[in-house]
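Q: coordinates only, sequence not included:
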């Protein structure tokens, strides 16, 4: 059932029993498999593949939501697997739920209202984001993990399976457990992404000061500035900590 008001790009495939609402816009070569529902003010980017039984753009699970016009935006070339739910935003949270490009959202994952995902994000099976969560580029959230509302997950962070994240998960780090703890630099991840030996050594030193010493966070940041030559990655780590509103996982 495709609304006559929906905007459908060229080369799209819409499978059996799919419902596409009035205010939906599909880019070119979007594929929506059987039994999906795409509704609300929703935009889906080119070449995104939505697998069976997915729900995108329906009202949020927020008691304050009163039917106000809000939006959902899905980027390009995303793979959204079976039974994923992605809810539209709320007026109080900016009005937009958004994913970037080239994300891989595995079966049964949930992206709540007003979440903002970057590019190349991976959410494994049944990973769950509460409202207003920010996930930066290249982050990986393990199966059955939950991220508390208003938390941030830093760039290229790795959150292990079954973790409960109630503070901001540091970029470039391994964050695992219930409640989650930070276990330092994700060495495998930074090597795979081709960081220089100098950048990896600087990050490793920074995490040592943050996690392994007897310093509080403020003291650790002072030592990082004093002892480590500035690199883009270390500067990003420091900025992430300094701009945290909920505190960071340590």
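A: Received it, and whenever you're ready, just let me know what you need. Remember, predicted model here, so these are calculated numbers, not experimental data. Numbers count the residues shown, from 1 in each chain.

Q: got a list of contacts for stretch 222-242?
A: 152, 154-155, 168, 170-172, 195, 198-199, 202-203, 205-206, 209-210, 213, 215, 217, 221, 248 (Cβ atoms under 8 Å, 6 or more residues apart in numbering). No exception for glycine: its C-beta is placed from N, CA and C like everyone else's.

Q: cutoff 10 Å now
A: Contact partners of stretch 222-242, identified using Cβ atoms under 10 Å, 6 or more residues apart in numbering, comprise 136, 152, 154-157, 168-173, 185, 190, 195-196, 198-210, 213, 215, 217-218, 220-221, 247-248, 250.

Q: how long is it end to end?
A: Taking Cα to Cα, to the nearest Å as the measure, stretch 222-242 stretches 12 Å from start to finish.

Q: go through it and flag the buried ones.
A: 223-224, 228, 231, 233-234, 236-238, 240-241 (16 or more other Cβ atoms under 10 Å).

Q: mind giving me the packing neighbours of the helix or strand of the chain with the lowest mean pLDDT?
A: In the chain, the helix or strand scored least confidently by mean pLDDT, DSSP states H and E is helix 187-192, which has a mean of 93. Helix 187-192 sits against strand 173-177, helix 197-207, with contacts defined as 3 or more Cβ pairs under 10 Å, 6 or more residues apart in numbering; DSSP states H and E.

Q: run the last query once more with 8 Å
A: helix 197-207 (3 or more Cβ pairs under 8 Å, 6 or more residues apart in numbering; DSSP states H and E).

Q: surely residue 143 touches residue 124?
A: Yes. Proximity of residue 143 to residue 124 meets the contact threshold set by Cβ atoms under 8 Å, at 4.0 Å.

Q: who touches both of the two?
A: Shared contacts of residue 143 and residue 124, counting by Cβ under 8 Å, 6+ apart, come down to 106, 161.

Q: helices of the protein, residue ranges please.
A: 187-192, 197-207, 217-227, 232-242 (DSSP state H).

Q: could you give the separation of the third one from the chain centroid?
A: Spelled out, it's helix 217-227. Centroid displacement of helix 217-227 relative to its chain, using Cα atoms, centre = their mean, to the nearest Å, is 28 Å.

Q: so it versus helix 197-207, what angle?
A: Here helix 217-227 points in a direction 150 degrees away from that of helix 197-207 (axes from the mean of the first three to the mean of the last three Cα atoms, to 10 degrees).

Q: what's the angle between helix 217-227 and helix 232-242?
A: 160 degrees.

Q: quick check: closest non-adjacent residue to residue 187.
A: residue 200 (7.2 Å; Cβ to Cβ, 6 or more residues apart in numbering).

Q: meant to ask about residue 184
A: Closest to residue 184 by Cβ to Cβ, 6+ apart is residue 207, at 4.6 Å.

Q: from residue 228, how far out is that neighbour?
A: Computed with Cβ to Cβ, to the nearest Å, the distance linking residue 207 and residue 228 is 11 Å.

Q: ok, the nearest residue to residue 183 once chain neighbours are set aside - contacts?
A: Once flanking residues are discounted, residue 183 sits nearest to residue 174: 4.4 Å by Cβ to Cβ, 6+ apart. Contact analysis of residue 174 by Cβ under 8 Å, 6+ apart lists 158, 160, 182-186.
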